[in-house]
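Asker: This is a predicted model, with the sequence first.
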Amino acid sequence: MRVGITIKGLTEVRDRLRGLASGKLNVAIKAALNDAAHAGYEAGRNEMRRVFDRPTPWVLGGIRYIKATASKLEARIDFDHWGNKTLVTVADVLRAEIDGGQRRYKRHESALRLAGILPAGMFIVPGAAAERDAYGNMKGSQIVQILAWFRTFGEQGYRANMTDKGRARLGRDSKRTGRAGFQYFVLKQRHGKLLPGIYKRYAFSGGGSAVKPVMIFVRSPNYRKRFDFYGVTREAALEQFHRSFPFWLSRLLKEGGR
């Protein structure tokens, strides 16, 4: 995001600044731009906290601002373009929340879709048996376990795929941890009350079994625009600039009058 600034009365200001060191006016402009960029940055983060439930540090840290310099009187507020280790950026994750419409596939959704587990046009939402982290998201360790169970890792990651012995080990109760044995299975179509998705089946030693949903398959969710990132940051930046520029200019004039 770039904020365009028009400064009225600049000729009169320059007349008052005659005799001052060259570039002093640019110092005031640069300082005001940097104040504005920081204000927009904080406004964007605060809006994230208001709109989203427990945004992760990674998402909050995805907003960056670049300061103006003496040679380039331009400050910018935008998302980090580097992304995480899989090259997914915060802008990618939030695009549907900012622009509205369909969200992109997450990495594990793409893997399950390519493996023929997730039907075309379907997305995943966590089920009752999904393990959640402190931010309410499904834990990565459980996602990896599911991907390994269904052997979705390709040539480069095939060693991470679970063997028959690994599946059997998960199917046994663990005396050490008290974990009940289970197996994963997939339903591509509704079966009675069970929605399409990935489930855990527990078999009890005394007989009987239980089934709990881990991932539910849903039709393409369409998001409404609810995170006005560019509008909020721009408004906050402009308001701060119009406060900061007179302050820095006044300070400059006082110093020049000494």
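Answerer: Perfect, I can see it now. Numbers count the residues shown, from 1 in each chain.
Asker: Span of stretch 94-110 from start to end?
Answerer: Criterion Cα to Cα, to the nearest Å; first-to-last residue distance in stretch 94-110 is 18 Å.
Asker: Could you list the buried residues of that stretch?
Answerer: Going by neighbour count (16 or more other Cβ atoms under 10 Å), the buried part of stretch 94-110 is L94, R95, A96, E97, I98, R103, K106, H108, E109. (Glycine included, C-beta is placed from N, CA and C.)
Asker: so who does the closest residue to E235 other than its chain neighbours touch?
Answerer: Nearest residue to E235 in three dimensions, chain neighbours excluded: A43, at 7.5 Å (Cβ to Cβ, 6 or more residues apart in numbering). Shown in contact with A43 (Cβ atoms under 8 Å, 6 or more residues apart in numbering): V232, T233, E235, A236, A237.
Asker: Tell me the most packed of these, by neighbour count.
Answerer: Neighbour counts for these peak at A237, which has 28 neighbours (criterion: other Cβ atoms under 10 Å).
Asker: what's the helix or strand for that residue?
Answerer: helix 229-256 (DSSP states H and E).
Asker: Quick one: mean pLDDT over that helix.
Answerer: Mean pLDDT, helix 229-256: 87.
Asker: and it, which residues are buried?
Answerer: Within helix 229-256, the residues that qualify as buried are 229, 232-234, 236-238, 240-241, 244-245, 248-249, 252, counting by 16+ other Cβ under 10 Å.
Asker: low-scoring stretches of the stretch 51-200 of the chain, by residue?
Answerer: 83-87, 155-158, 178 (pLDDT under 70).
Asker: Which residue ranges of it form helices?
Answerer: Taking DSSP state H, counting those that start in this stretch as the test, the helices found in the stretch 51-200 of the chain are 57-60, 90-99, 107-114, 140-149, 164-171.
Asker: Now that we have those, can you turn them into TSV and tack on distance to P221?
Answerer: Below are the helices of the stretch 51-200 of the chain laid out as TSV (distance: least, Cβ to Cβ, whole Å):
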stretch	distance to P221
helix 57-60	18
helix 90-99	8
helix 107-114	12
helix 140-149	18
helix 164-171	30
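Asker: and of those helices, who's closest to I66?
Answerer: helix 90-99 (15.3 Å; Cβ to Cβ).
Asker: Run through who's touching that closest one.
Answerer: Identification of contacts with helix 90-99 by Cβ under 8 Å, 6+ apart yields 51-52, 58-59, 61-63, 79-81, 83, 102-104, 223, 225-230.
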